[in-house]
Every structure is written in structure tokens, then in C-alpha cells.
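Trainee: Could you look at this predicted model? Sequence included:
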Amino acid sequence: MSERPRLTVLSGPSGVGKSTVVAHMRKEHPEVWLSVSATTRKPRPGEQHGVHYFFVTDEEMDKLIANGELLEWAEFAGNRYGTPRAAVLERLEKGEPVLLEIDLQGARQVRESMSDARLVFLAPPSWEELVRRLTGRGTEPPEVIERRLEAARTELAAEPEFDTTLVNTSVEDVARELLALMDVV
Ligand SMILES: Nc1nc2c(ncn2[C@@H]2O[C@H](COP(=O)(O)OP(=O)(O)O)[C@@H](O)[C@H]2O)c(=O)[nH]1
Ligand SMILES: Nc1ncnc2c1ncn2[C@@H]1O[C@H](COP(=O)(O)OP(=O)(O)O)[C@@H](O)[C@H]1O
């Protein structure tokens, strides 16, 4: 067996709580390295370039894709998102635990290119609760929420493709389970 830690991919519908779980986990375990994606989406209030995302123009995204600089990329609800390849490979080489928080299409691409990746699906306790969280976050206008809920139906149906499912009832519990899967604790 190789000593290199496996890449872990966390996926799940928009609004299920991925960012919340990851932020909670990294507060206590900052050694978990989270990849910062490039996106053409506009920043939400409080989001910082280089911290939450690298916010890029359409032209910049075209270049990243054309130059093969992304490990995977996808269009999600009208914007493009991608994982910078070099940083991920560098961290894995160093033996650090690496986490990607990406959508279903991205998770599928990672499965193809890195067969030992661990794919984790974050599921909502119920459909009603997912709608409540996505709406309650208050960061998107109604038509964007609609688009994301449409995408969520497809994402939920893909759960069996993942190695593990964690149900996000309690942020603390899920963060602990994810750390255990990653062999961090
Ligand atoms: N394929 C892919 N998906 C990503 C990447 N970065 C973020 N995403 C996903 O894109 C979707 C939308 O992200 P975002 O606009 O930040 O909304 P939020 O996840 O609802 O807060 C989510 O499912 C993210 O996990 C990436 O680099 N690649
Ligand atoms: N376990 C939970 N219980 C209740 N609310 C939660 C839970 N996890 C996340 N939330 C809330 O749900 C909303 C969406 O969470 P967020 O982390 O932004 O989702 P995602 O990154 O998957 O789109 C936020 O308002 C967040 O505070």
C-alpha cells in the first residue's frame, strides 16, 4: 500500500452544508488542506479572492482550461468552477491530507483521473430541510435558488456513485466523521 494519503472529495447539493462542515473541521484541524477553486461566479459579500475562491473572468477561465491547469472543472448553475491541479499534487506529494469541495460532475472527473480518491457525499436530512437551508442562507435570488434546487435533484440521485455518505444533521458529528475518514483523528 502506498504511504501517500488519498485525495478526499466532498460533494453534495448546494445548500446541504459543505462549506459549514469544512469550516468547522478546519477550525480545529487547520492541517487539512482545502483546495481553493477558480470560479467565474461573482463573490458573495465577505468572500475573499484567494481564500474562498480565485474569482476569475471568463477569459481567464478559458485559459486555465486550455493550458491544462485544472485537475477538473465543471459548469454549475451558470458559472464555471475548477480545481487548480498543481497545488493539489504538490500537497499530496508532501503527504498532507487534501480535501476538494466540488460538485458531482467534478467528483466524477476526479474518480476517472485519480482512481484512489475517496468520494464522500454529504446528504441533507430531508428534501424539505435542504430547501430550508438553501433559502435561509439568503445569498441567492429566487431564480438562482430554483436552478440550484433543480441541480440538487440530479445530485441526490447520484449518491450511490460515492464511496461514503454522511448525513448532515449535526455539523459537529459530520466534521468528526469526515476527519476520521481522512485518518486525521
Ligand atoms: N467541479 C467543481 N465544482 C466546484 C468547484 N468549486 C466549487 N464547486 C461546486 O460548485 C457548486 C456551487 O458552489 P458555490 O457557488 O460556492 O455555492 P455553494 O456551494 O452553494 O455555496 C458547489 O456544489 C461547489 O461544491 C470546483 O473547483 N470544481
Ligand atoms: N447541520 C446543519 N444544521 C442546520 N443548518 C445547517 C447545517 N449545516 C449547514 N447549515 C446551514 O445551511 C446553509 C447552507 O450551508 P452551506 O455550508 O453554505 O452549504 P453548501 O456549502 O453545501 O452550499 C447555511 O445557512 C448553514 O448555516
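Mentor: Yes, it's here. Ligands and ions are numbered 1, 2, ... in the order given.

Trainee: Which helix runs longest in the protein?
Mentor: Identified as the longest helix of the chain according to DSSP state H is helix 142-157.

Trainee: tell me the phi and psi of the closest residue to ligand 2 within the chain?
Mentor: Closest approach between the chain and ligand 2, counting by Cβ to the nearest ligand atom: Gly17, at 2.9 Å. Heads up, the C-betas are built off the backbone N, CA and C, glycines and all. Backbone torsions of Gly17, given as degrees, to the nearest 10, read phi 120, psi 20.

Trainee: Could you pull up the contacting residues of the residue sitting nearest the centre point of the chain?
Mentor: Computing the C-alpha centroid of the chain and ranking residues by Cα atoms, centre = their mean puts Glu101 first, at 1.5 Å. Listed by Cβ atoms under 8 Å, 6 or more residues apart in numbering, the contact partners of Glu101 are 10-11, 18-19, 22, 34-35, 37.

Trainee: just to revisit the earlier point, so how far is Trp33 from the residue of the chain closest to ligand 2?
Mentor: For Gly17, the distance to Trp33 equals 20 Å [Cβ to Cβ, to the nearest Å].

Trainee: Can you pick out the residue with more neighbours from those two?
Mentor: Using other Cβ atoms under 10 Å, the more surrounded residue of Gly17 and Trp33 is Gly17, with 21 against 17.

Trainee: quick one, what contacts the nearest residue to the more buried one once chain neighbours are set aside?
Mentor: Distances taken as Cβ to Cβ, 6 or more residues apart in numbering put Asn168 closest to Gly17, at 4.4 Å, once the chain neighbours are dropped. By Cβ under 8 Å, 6+ apart, the contact set of Asn168 is 12, 16-17, 21, 122-125, 174.

Trainee: Tell me which of those fall in strands.
Mentor: The strands, defined by DSSP state E, take in 122-123 from these.

Trainee: which of the contacts of Asn168 sit farthest apart?
Mentor: Val21 and Pro125 (13.4 Å; Cβ to Cβ).

Trainee: Would you map the helices across the chain?
Mentor: Using DSSP H, the helices of the chain run over residues 18-28, 58-66, 85-93, 104-113, 127-137, 142-157, 171-181.

Trainee: Export those helices to TSV and append columns for mean pLDDT.
Mentor: TSV is the format used below for the helices of the chain (pLDDT from 0 to 100):
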stretch	mean pLDDT
helix 18-28	95
helix 58-66	98
helix 85-93	96
helix 104-113	96
helix 127-137	94
helix 142-157	93
helix 171-181	97
